[in-house]
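Chemist: Next input, structure requested:
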Amino acid sequence: MEQIYTADEKRYEKMEYNRCGKSGIKLPVISLGFWHNFGVHNDFDNMRKMCFTAFDEGITHFDLADNYGPYPGSAEENFGRILAKDLKPYRDELIISTKAGYEMWDGPYGNWGSKKHLVAGLDQSLRRMGCDYVDIFYHHRMDKETPLEETMEALNGIVKSGKALYIGVSNYDKEYTEKAIHMLRELKCPFIINQRRYSIFDRTIEEDGVKEFAYENGIGVIVFSPLAQGLLTDKYLHGIPSDSRIAKDPRFLKADSLTKERLCQIGALNEIAKERGQSLAQMALAWTVKDSKICSALIGASSPEQIKENAAGIMNHTFTDEEIRKIDQISRGMGV
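Modeler: Residues are numbered from 1 along each chain as shown. Predicted structure coming up:
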């Protein structure tokens, strides 16, 4: 007889929680992303164990999107099975987010940022997950052909309908974030978060001003790819493992990313991590949340053990000025 899942009673003692902008909710300093490893080709029992492990470690935020898989929609379907089977008693302890904005069905309405696409997309997501509502619903990417007013009014209507509690945007630059804030505040819609890529190797949100702007305007920033698709780990220091992302799925990270210069950078960063008593992955993840301008970092995982390692390492996210200086130099290719 299969054992019924019971959450660790000490889960909230293990995790740190940050306020999401100026909203009423707090997010765990790391959140679990479902971009990879929750699709139709992945092992369902392993998915369940990863969800259990995350929640037992105090990770209360599960981040999905309608196009996550593969195939698109399958991550939400699998999460819906886990929610119904195991996590339903804990629904009110979870922050569940999903997104729409990438291609999901044929024809002119299956993509981008129209009201037609967003409303239909969320309805489909709710059916796949077996949820009455999501806690955060994101527009997944900027759409410069659809009037932004239409997209924002659609998001506002979704909140008013009760199908989402809060609104977020993903991959919005500073200009679009500023416009979204203005429009949604006029509508009195709870816009609380922007999701962007951020890592030691990718500092675009600092360069384009989104990180500082969002913080100053009470919008939380949650970041994805904090490990630069696995580059900020020690797994590639001695070749390309057969079970690595480059070997198995080179769509997003290719072997030619591992230049001699990049490998030197990874090796130098690994030495700093060792001095801190962390793995490189732990240090790179901790680096993204070292200041209060980032409320949470999304982790991807292929095993429960990876989640435990990340959760253990994230609690040491204080860096000395000298460590920050060295990391900055290395990321710019200096001092390597």
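Chemist: all contacts plus neighbour counts: C-alpha atoms, from now on.
Modeler: OK.
Chemist: what helices or strands is the lengthiest helix in the chain leaning on?
Modeler: Using DSSP state H, we find that the single longest helix of the chain is helix 260-276. Contacts defined by 3 or more CA pairs under 8 Å, 6 or more residues apart in numbering; DSSP states H and E place helix 260-276 against helix 280-288, helix 321-331.
Chemist: which residues in the stretch 151-300 of the chain form helices?
Modeler: Here the stretch 151-300 of the chain has its helices, by DSSP state H, counting those that start in this stretch, at 174-186, 204-207, 210-216, 245-248, 260-276, 280-288.
Chemist: Out of those helices, the one nearest residue 153 is which?
Modeler: Of all the helices of the stretch 151-300 of the chain, it is helix 174-186 that lies closest to residue 153, at 7.9 Å by CA to CA.
Chemist: Do me a favour and average the pLDDT over that closest one.
Modeler: For helix 174-186, mean pLDDT rounds to 98.
Chemist: And for stretch 216-231?
Modeler: Across stretch 216-231, pLDDT averages out at 96.
Chemist: Could you export that stretch as PDB, CA atoms only?
Modeler: Provided in PDB are the C-alpha atoms of stretch 216-231 (Å, rounded to 0.1, in the frame of the first residue of the first chain):
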ATOM      1  CA  GLU A 216      12.300  51.300  -5.700                       C
ATOM      2  CA  ASN A 217       8.700  50.900  -6.900                       C
ATOM      3  CA  GLY A 218       7.700  48.100  -4.600                       C
ATOM      4  CA  ILE A 219       7.800  45.300  -7.200                       C
ATOM      5  CA  GLY A 220       9.500  42.000  -6.200                       C
ATOM      6  CA  VAL A 221      12.100  40.500  -8.600                       C
ATOM      7  CA  ILE A 222      12.300  36.700  -8.800                       C
ATOM      8  CA  VAL A 223      15.200  35.300 -11.000                       C
ATOM      9  CA  PHE A 224      15.600  32.300 -13.100                       C
ATOM     10  CA  SER A 225      18.700  30.500 -14.500                       C
ATOM     11  CA  PRO A 226      20.800  31.500 -11.400                       C
ATOM     12  CA  LEU A 227      23.200  28.700 -12.300                       C
ATOM     13  CA  ALA A 228      23.400  29.900 -16.000                       C
ATOM     14  CA  GLN A 229      21.800  26.600 -17.200                       C
ATOM     15  CA  GLY A 230      24.400  24.600 -15.300                       C
ATOM     16  CA  LEU A 231      27.500  26.500 -16.200                       C
END
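Chemist: pLDDT value on the residue positioned nearest the centre of the chain, please?
Modeler: Centroid check for the chain by CA atoms, centre = their mean gives residue 298 as the closest residue, at 3.4 Å. pLDDT recorded at residue 298 is 98.
Chemist: bridging residues for it?
Modeler: Counting by DSSP bridges, residue 298 is bridged to residue 31.
Chemist: and it, what is it in contact with?
Modeler: 30-33, 63, 222-226 (CA atoms under 8 Å, 6 or more residues apart in numbering).
Chemist: just residue 12 next, same as before
Modeler: Residues counted as contacts of residue 12 (CA under 8 Å, 6+ apart) are 57-58.
Chemist: Where does it sit, in terms of helix or strand?
Modeler: helix 11-14 (DSSP states H and E).
Chemist: buried sites along that helix?
Modeler: For helix 11-14, burial by neighbour count (16 or more other CA atoms under 10 Å) applies to 11-12.
Chemist: Tell me the strands beside the helix or strand that that helix is followed by, with direction?
Modeler: Per DSSP H and E, the first helix or strand lying C-terminal to helix 11-14 is strand 17-19. Here strand 17-19 is paired, per DSSP bridges, with strand 26-28 (antiparallel).
Chemist: hmm, who's touching the partner strand?
Modeler: Against strand 26-28 from outside (CA under 8 Å, 6+ apart): 15-20, 58-61, 295-296.
Chemist: one more time with 10 Å
Modeler: Contact with strand 26-28 is made by 12, 15-20, 57-61, 94-95, 220, 222, 295-298, as judged by CA atoms under 10 Å, 6 or more residues apart in numbering.
Chemist: Tell me the gap between it and the middle of its chain.
Modeler: Taking the mean of its C-alpha atoms, strand 26-28 sits 12 Å from the chain's own mean (CA atoms, centre = their mean, to the nearest Å).
Chemist: and if you look at stretch 314-329?
Modeler: How far stretch 314-329 lies from its chain's middle: 22 Å, per CA atoms, centre = their mean.
Chemist: any idea of the mean pLDDT for that stretch?
Modeler: 97.
Chemist: now the end-to-end length of it.
Modeler: With CA to CA, to the nearest Å as the measure, stretch 314-329 spans 22 Å from end to end.
Chemist: Check stretch 54-63 too.
Modeler: End-to-end distance for stretch 54-63: 12 Å, by CA to CA.
Chemist: returning to what we had before: can you mark which positions in the longest helix of the chain are buried?
Modeler: 262-270, 272-273.
Chemist: Only C-alpha atoms, please: export that helix in CSV.
Modeler: The C-alpha coordinates for helix 260-276 follow below in CSV (Å, rounded to 0.1, in the frame of the first residue of the first chain):
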residue,chain,number,x,y,z
LYS,A,260,38.6,28.0,-22.6
GLU,A,261,38.0,31.4,-21.0
ARG,A,262,34.6,30.3,-19.6
LEU,A,263,36.1,27.1,-18.1
CYS,A,264,38.9,29.3,-16.5
GLN,A,265,36.2,31.5,-15.0
ILE,A,266,34.2,28.5,-13.7
GLY,A,267,37.4,27.1,-12.1
ALA,A,268,38.3,30.4,-10.4
LEU,A,269,34.8,30.8,-9.1
ASN,A,270,34.9,27.2,-7.8
GLU,A,271,37.9,28.0,-5.7
ILE,A,272,36.1,30.9,-4.1
ALA,A,273,33.2,28.6,-3.3
LYS,A,274,35.5,26.1,-1.7
GLU,A,275,36.9,28.8,0.5
ARG,A,276,33.3,29.6,1.6
